[in-house]
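With the sequence up front, the predicted model follows.
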Amino acid sequence: MKALVALILLVQLPIHKAVPAAPPAPLGCDDPESEAAAAVAVNYINGQSHHGYKFTVNSIKSIRVVPQGPNNDFIFLELDLLETECPILSPTALENCTVRSFVDHAVEGDCDVKLQKVDGILSVLGSKCDSHADSNEDIRRACPDCPLLAEMNNTDVLETVAAALNDYNSKTTGSYLRLLEIGRGKIQYHPGYIIFTEFAVGATNCSAEEAKANVGACQLLPEDQSNFGFCRAVMVKRPLQDLQVDCQLYGHQVPAPDIPLLSQDTSAGLAPSAVGFTNHNLGLAHNNPVASESSSSEILRSVLPAKSVTKTAVAEAAQHDKVPRPVGFVPPPPPCPGKIRYFDI
């Protein structure tokens, strides 16, 4: 009898069905995981660039995570970058690079990046970037007399670079320096006429004294001895003529950085892509050769849908905020775009 009662009670017990786990909340653009992915992405972008300057993250505009399996996700990022004052050849760590100020004629980069996260390890599968300088009108509004970016093949810019390099080589007791590329040039028209230039250089196998006899024989040092550097020069043409030059050599770096590859028939210190432009375009479409999907152009194409996802997320957040809230309730910011770290262009 007792066994029968126990059986009846067991049958009457409620059966609890397994409740599936709720999907993880979508990442916000300022979440630590998003920041970590952006840091990996910008280091990859700088590593693939061989001209101009290093860029840093100004804002994460969108992020989308697409699960591929256990501990395996694709991550799509849209990044807003800003140019720093660190040349791409500089060994200075990105976190120690100064962002170029707005009135120094800032340059902005826009990048779409696809990453993969496997067992917590992030790697970049591909990226697509573009960059542009702020408009002259914006600079003029903020600083009417500030110098503006000039085309890198501007006659005054080329003249200043040549004069500055000759001046440095005529006075140095070290290696003869050879021009690698012009980084940027700016011209100030008022109250004086002043040209500002920045350019990358490399040490050669000649001393400055030996170069006077046969400069054509002076070649860049081999990779295992290479020594690159960067110069800034200011030439005043009016009211008084003056030339100031400051060059810094970085010393041999291991591994040696990739130097700008300039053919002999280009304008001095200018790649063909830089002629007629005021800044080196970050223009970069690259598949990681060691990534599992690197052979497919789908990597770059698949980066683009992240933009529409952001609009949908923002619309949903806006609709959610229409729900009545208690007095004094402060709604959280939308998950994307993220905070602007420096300034908006």
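Now that the structure is in, tell me what you want to look at.

hey, where'd the helices end up in this protein?
2-12, 32-48, 136-142, 155-171, 208-213, 298-301, 306-320 (DSSP state H).

weakest of the ones you listed in terms of mean pLDDT?
Ranked on mean pLDDT, the bottom entry among the helices of the chain is helix 306-320, at a mean of 44.

Can you pull out the low-pLDDT segments for the stretch 151-300 of the chain?
Counting by pLDDT under 70, the ranges of the stretch 151-300 of the chain that qualify are 260-276, 284-286, 289-300.

Just the strands from it, written as ranges.
175-188, 193-207, 228-238, 242-249, 284-287 (DSSP state E, counting those that start in this stretch).

what sits against Glu210?
176, 218 (CB atoms under 8 Å, 6 or more residues apart in numbering). Where you see a C-beta, it was placed from the backbone N, CA and C, and this is true even at glycine.

For it, give its distance to Asn169.
11 Å (CB to CB, to the nearest Å).

Which neighbours do these two have in common?
With CB under 8 Å, 6+ apart, Glu210 and Asn169 have common neighbours Tyr176.

Centre-most residue in the protein?
Geometric centre of the chain, nearest residue: Phe55, 2.7 Å, by CA atoms, centre = their mean.

residues in contact with it?
42, 45-46, 49, 81-84, 109, 131, 282 are the contacts of Phe55 under CB under 8 Å, 6+ apart.

Show me which pair in those residues is furthest apart.
Of all pairs drawn from the contacts of Phe55, the one with the longest distance (CB to CB) is Ser49 and Leu82, at 14.1 Å.

Name the residue in those two with the higher neighbour count.
Leu82 (25 against 22; other CB atoms under 10 Å).

Quickly list what that one is bridged to.
Thr56, Glu108 (DSSP bridges).

hang on, isn't it packed against His105?
No: between Leu82 and His105 there is no contact under CB atoms under 8 Å: 12.0 Å.

count of neighbours near Tyr44?
By other CB under 10 Å, neighbour count at Tyr44 equals 22.

Tell me how far the residue nearest to the centre of the chain lies from Glu209.
39 Å.

do Pro26 as well
From Pro26 to Glu209 the distance is 65 Å (CB to CB).

Next: Leu149.
Taking CB to CB, one finds Leu149 at 37 Å from Glu209.

Neighbour count: the two, which is higher?
Higher neighbour count among Leu149 and Glu209: Leu149, with 23 against 11, using other CB under 10 Å.

My guess is that one contacts Val103. True?
No: at 11.8 Å, Leu149 does not count as touching Val103 under the criterion of CB under 8 Å.

Can you check which residues contact both of the two?
Common neighbours of Leu149 and Val103, using CB under 8 Å, 6+ apart, do not exist here.

Near Asp242, how many other residues are there?
That count, for Asp242 with other CB under 10 Å as the rule, works out to 10.

From what I see, it and Val236 are in contact.
Yes: judged on CB under 8 Å, Asp242 makes contact with Val236 at a distance of 4.2 Å.

so what's the nearest residue to Phe230 once chain neighbours are set aside up against?
If the residues on either side of it in the chain are set aside, Phe230 comes closest to Pro87, at 4.8 Å by CB to CB, 6 or more residues apart in numbering. Residues counted as contacts of Pro87 (CB under 8 Å, 6+ apart) are 52-54, 183, 198, 200, 230.

Show me the beta-bridge partners of Pro87.
Beta-bridge partners of Pro87, as defined by DSSP bridges: Tyr53.

how near is it to Arg184?
For Pro87, the distance to Arg184 - CB to CB - is 10 Å.

Show me whatever sits in contact with both of these two.
52, 198.

Could you report the neighbour count for Asp104?
20.

same check, this time on the one 4 residues further on
Neighbour count of Glu108, defined by other CB under 10 Å: 20.

Verify the stated contact: it with Ile345.
Yes: the criterion here is CB under 8 Å, and Glu108 meets it with Ile345 at 4.5 Å.

Between the two, which contacts overlap?
82, 134.

State the distance from Asp73 to Val124.
Taking CB to CB, one finds Asp73 at 14 Å from Val124.

Between those two, tell me which one has more neighbours.
Using other CB under 10 Å as the criterion, Asp73 and Val124 rank with Val124 on top: 26 against 16.

Please name the nearest non-neighbouring residue to the more buried one.
Tyr44 (4.1 Å).

Hmm, Leu122 and that neighbour touching each other?
No: Tyr44 lies out of contact with Leu122 (CB under 8 Å); the separation is 9.7 Å.
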